[in-house]
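Asks: pasting the structure only:
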């Protein structure tokens, strides 16, 4: 177990990259690389788009976009489709952050600061959507629903939501690492490689889905009354 503890401590330790006088967290540098890859990939994949006689590449892109758009619009409603680009962008970033572990790179989502930042961004979006849908006065009134006695609990819920999103994403990514280390201790050959592929690919995508789904669900709860 000492090896597991040592490996866990190394995994939780935030590494820094020195750029001149600056000490930049490794997770930030990897995030920059991911964003650069996504931007360049987006430019290359969206070149020469056509209305008629589209290529297979464009057909696949349109199918992926339509599936994502329909999923989020189905949750949030047509009136709130303006939030879909943000949700899809976050999903792409988290997916790439989790999948990058396949190449032996430490995923940014193993850094608690990264998951906390993602959660805070989501809660700003959630509450901002509520204010936009209800108006400032209507949003304040919702904090006292269904009775003024519930106001402290409603305010506490606003603080709990980002904590839940943060710890769920961070905990599941870190939990996968712990399980992998335990498997390596018990069965050191072949089996760990199979499970590693599962956690890096499928579990990473599942965590992406859970994060954006919960964000969308919280948004729906915040603006649901107005949508109806």
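Replies: Nice, I can see it. Since the structure is predicted, the reported quantities are computational estimates derived from the model, not experimental observations.

Asks: For the rest of this, base every contact and every neighbour count on C-alpha atoms.
Replies: Will do.

Asks: Show me where the protein has its helices.
Replies: Remark: helices assigned in the chain by DSSP state H are 2-12, 26-45, 56-76, 84-99, 112-142, 151-186, 191-198, 204-227.

Asks: helices and strands around the second one, which ones?
Replies: If contacts are counted by 3 or more CA pairs under 8 Å, 6 or more residues apart in numbering; DSSP states H and E, helix 26-45 sits against strand 16-19, helix 84-99.

Asks: partner strands of the shortest one, parallel or antiparallel?
Replies: As defined by DSSP bridges, the strand partners of strand 16-19 come to strand 22-25 (antiparallel).

Asks: and the helices and strands packed on helix 26-45, which is most packed in?
Replies: Of all the helices and strands packed on helix 26-45, helix 84-99 has the most neighbours on average by mean count of other CA atoms under 10 Å, namely a mean of 20.

Asks: quick revisit: compare the helices and strands packed on helix 26-45 and say which comes out lowest on pLDDT.
Replies: For those, the weakest mean pLDDT is recorded on strand 16-19, namely a mean of 82.

Asks: Report the separation between the residue nearest the centre of the chain and residue 108.
Replies: Taking CA atoms, centre = their mean, the centroid of the chain lies closest to residue 94, which sits 4.4 Å from it. Applying CA to CA, to the nearest Å, the value for residue 94 to residue 108 is 9 Å.

Asks: do the same with residue 206
Replies: Taking CA to CA as the measure, residue 206 falls 16 Å from residue 108.

Asks: more crowded one of these two?
Replies: residue 108 (26 against 13; other CA atoms under 10 Å).

Asks: quick one: low-confidence ranges for this structure?
Replies: Confidence mapping of the chain against pLDDT under 70 gives the ranges 1-13, 176-177, 180-181, 183-200, 224-228.

Asks: which residue sits closest to residue 29 in space, ignoring its chain neighbours?
Replies: Nearest non-adjacent residue to residue 29, counting by CA to CA, 6 or more residues apart in numbering: residue 17, 7.7 Å away.

Asks: How much space separates the one you found from residue 97?
Replies: For residue 17, the distance to residue 97 - CA to CA - is 18 Å.

Asks: ok, now residue 18?
Replies: 21 Å.

Asks: residues contacting residue 165?
Replies: 115, 119, 211, 214 (CA atoms under 8 Å, 6 or more residues apart in numbering).

Asks: 10 Å - rerun?
Replies: By CA atoms under 10 Å, 6 or more residues apart in numbering, the contact list for residue 165 reads 115-116, 118-120, 122-123, 171, 210-212, 214-215.

Asks: Residue 81: how many residues sit nearby?
Replies: Residues within reach of residue 81, counting by other CA under 10 Å, total 15.

Asks: pretty sure it contacts residue 68?
Replies: No: counting by CA atoms under 10 Å, residue 81 does not reach residue 68; the two are 11.3 Å apart.

Asks: Find the residues that touch each one of these two.
Replies: residue 74.

Asks: now the helices and strands packed on helix 26-45 as a markdown table including distance to residue 150?
Replies: Shown next, in a markdown table, are the helices and strands packed on helix 26-45 (distance: least, CA to CA, whole Å):
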| stretch | distance to residue 150 |
| --- | --- |
| strand 16-19 | 44 |
| helix 84-99 | 30 |
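
Asks: Count the neighbours of residue 164 for me.
Replies: Using other CA under 10 Å: residue 164 sits among 15 other residues.
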